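> Here is the input, now give the coordinates:
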Amino acid sequence: MFRGSYDAKITEGRLKMPTDFEKLLRAAKIDQFYITSVDGKSAEIWPLPEWEKREAKLAEYSTLDDAVQKYLSWTSYYGQQVEIDKQARLSLPKTLREAAKLEGEVRVMGKIGYMEVVNLQTLQETLTSSAMTADDRAHVAGMLVSQKATVIP
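Down below sits the predicted model:
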């Protein structure tokens with residue numbers, strides 16, 4: 001659903017949704033979102049129906065599972081359910097904005113089922129310091145190729 005990346009601006013704690021993403025959301029009649037983070041370094045903006053699917057999967061696991069509890073603690077600490085306004089703006093949780101330094105110019109990236117909002121400087125530093133390696137590409141290629149596919153010499 002969400003692909004590509006767009007420059008955006010956060011003013012007074014509100015993110016103006018990039019036009020292409022706004023069009024997708026309006027066409028799908030999605031106006032409720034869960035905004036959260038798993039590490040406080042960026043914001044994840046989940047359409048509420050997608051987040052609810054994730055919650056349903058997590059509910060299948062024991063509440064005694066430490067990794068699930070840690071994940072839920074992080075996503076609850078930074079998370080809030082929000083509604084997009086008529087000007088296509090979303091209010092980002094203050095705790096998350098401060099932790100991820102989300103003010104002014106940011107980048108909104110499509111991550112298939114959700115959008116990620118990152119401080120532009122932080123993103124540039126991250127991309128510079130962690131380039132895709134041959135091993136990374138091979139790992140992804142292995143995930144994309146069917147195990148039953150045959151290789152033609």
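
> If you rank every helix and strand of the protein by mean pLDDT, what lands last?
Across the helices and strands of the chain, mean pLDDT, DSSP states H and E gives its lowest value to helix 120-129, namely a mean of 86.

> Compute the number of surrounding residues for S129.
A count of neighbours around S129, defined by other C-beta atoms under 10 Å, yields 7. Quick note: C-beta positions are derived from backbone N, CA and C, even for glycine.

> Show me the contact partners of the host helix or strand of K57.
K57 belongs to helix 48-59 when assigned by DSSP states H and E. Among residues not part of helix 48-59, those counted as contacts by C-beta atoms under 8 Å, 6 or more residues apart in numbering are 30, 32-34, 46, 68, 71-72, 81, 113-114.

> Just flag the most distant two among the residues you listed.
The most widely separated members of the contacts of helix 48-59, counting by C-beta to C-beta, are I30 and V68 (26.2 Å).

> returning to that earlier point: and of the contacts of helix 48-59, the nearest to G40?
Minimum distance to G40 across the contacts of helix 48-59 is 13.5 Å, recorded for Y71 (C-beta to C-beta).

> so who does the closest one touch?
Neighbouring residues of Y71 by C-beta under 8 Å, 6+ apart: 38, 58.

> average pLDDT for the helix holding K57?
Here helix 48-59 scores 94 as its mean pLDDT.
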